[in-house]
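K.L.:
Compute the structure for the input listed below.
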Amino acid sequence: MILERSNQMKFTNGLLWLALCMAALLLSAQAPATNPAIPDWAYPGSKSHKQVPPPADFRRPSKTTTTPIGIFDGQTDVGSAIIPGSASYDAGAKQYILHSAGYNVWYQRDEFQFLWKKLSGDVSLAGTVSFPDANGYGDRKVVFIIRKDLDDDSIEVMTARHGAGLIHLAQRTTKGGMVGTTFKIVAPKRPAGAAADDVIAVAPWRIGIEKKGDVFSLFIGENGAPMHQVGDTLTFHMDEPFYAGIGFASHRPDRSDTAVVSNVVLENAAGKVQ
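P.N.:
Okay, the predicted model is just below:
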């Protein structure tokens, strides 16, 4: 009798242990996968989460490679995103292919893959943006940017093409300061399922930035039309030399994405955006 009760207890305890194991497995499958190296504030906004500025003292040193790539002198993983970025150049297609994670290019620090040329004086910079994967995060952005240095909190002026269509002229005018917007336009996308010959507004895909003295201007080219200046300009003195180039951030710190920038113009002169 004692042996029988002992066996029953062993059997019951075994079932209880199995049930606890199954419950733990179930809870673990339902819990969102997070990378402990990525702080909560860096995850993108969603219905259940809001992205906020990083702590004022949060910094990561950038990683730079000075091997020339196309017309650029080098490339930098600005802010050292958890997933390292990379870039390549297809000379035949005249395309730069940028792979990058990076939580954002905003607030008081940035994480993005940056192809740059060190310059002084006036600048004309432009290119045509495309995203091979149409389903990337809506706030991912390709930037055409002029930065004082390669740190994650650099002074900078940029125009950006967002995945969801937004285009802006924005700036960080003090090192470690918050980014502000001078001008923005919401560029509509072709609706899903629309016929190719439907008369609808198509987003301007070719964008650029010009620095003429201390005046920065945003340029766009809509549907193949010539590039033209739009919106308000920014007047700001940036000390020389500086870094001018193109960059990309997926806006997902734990996931790399790809952007393509074609037919890039980078001239050490004003009036050359085309």
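K.L.:
Against which helices or strands is the longest strand along the chain packed?
P.N.:
As assigned by DSSP state E, the longest strand anywhere in the chain is strand 257-267. Packed against strand 257-267 by the contact rule (3 or more CB pairs under 8 Å, 6 or more residues apart in numbering; DSSP states H and E) you find strand 95-100, strand 123-130, strand 242-249. Bear in mind the C-beta positions are built from the backbone N, C-alpha and C, glycine included.
K.L.:
winner for burial among the ones you listed?
P.N.:
strand 242-249 (a mean of 28; mean count of other CB atoms under 10 Å).
K.L.:
That one pairs with which strands?
P.N.:
Next to strand 242-249 in the sheet, as set by DSSP bridges, lie strand 112-119 (antiparallel), strand 141-147 (antiparallel).
K.L.:
May I see the buried residues of the longest one?
P.N.:
Applying a neighbour-count criterion of 16 or more other CB atoms under 10 Å, the buried positions in strand 112-119 are 112-117, 119.
K.L.:
hmm, back to that, can you add mean pLDDT and distance to residue 36 and give the helices and strands packed on strand 257-267 back as CSV?
P.N.:
Formatted as CSV, the helices and strands packed on strand 257-267 follow (pLDDT from 0 to 100; distance: least, CB to CB, whole Å):
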stretch, mean pLDDT, distance to residue 36
strand 95-100, 98, 21
strand 123-130, 96, 33
strand 242-249, 98, 21
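K.L.:
nearest to residue 149, of the ones you listed?
P.N.:
Closest to residue 149 of the helices and strands packed on strand 257-267 is strand 242-249 (CB to CB; 7.1 Å).
K.L.:
how far out from the middle of the chain is that closest one?
P.N.:
Here strand 242-249 is found 11 Å from its chain centre; the criterion is CA atoms, centre = their mean, to the nearest Å.
K.L.:
What residues does the nearest residue to residue 99 once chain neighbours are set aside make contact with?
P.N.:
Of all residues not flanking residue 99 in the chain, residue 86 sits nearest, at 4.9 Å (CB to CB, 6 or more residues apart in numbering). Residue 86 makes contacts with 98-99, 113, as judged by CB atoms under 8 Å, 6 or more residues apart in numbering.
K.L.:
roughly how far apart are residue 86 and residue 214?
P.N.:
Counting by CB to CB, to the nearest Å, the separation of residue 86 from residue 214 is 34 Å.
K.L.:
the helices in this protein, which residues?
P.N.:
Listed in chain order, the helices found in the chain under DSSP state H are 2-30.
K.L.:
neighbouring strands for the longest strand of the chain, and are they parallel or not?
P.N.:
Going by DSSP bridges, the partners of strand 257-267 are strand 95-100 (antiparallel), strand 123-130 (antiparallel).
K.L.:
what's the neighbour count on the nearest residue to residue 67 once chain neighbours are set aside?
P.N.:
Among residues not flanking residue 67 along the chain, residue 74 sits closest, at 6.5 Å (CB to CB, 6+ apart). Here the number of neighbours of residue 74 (other CB atoms under 10 Å) works out to 18.
K.L.:
ok, back up a step: let's test this: mean pLDDT of the longest strand of the chain, rounded?
P.N.:
Mean per-residue pLDDT for strand 257-267: 97.
K.L.:
Any idea which of the strands paired with strand 257-267 gets closest to residue 242?
P.N.:
Each of the strands paired with strand 257-267 has some distance to residue 242 by CB to CB; the shortest is strand 123-130, at 8.5 Å.
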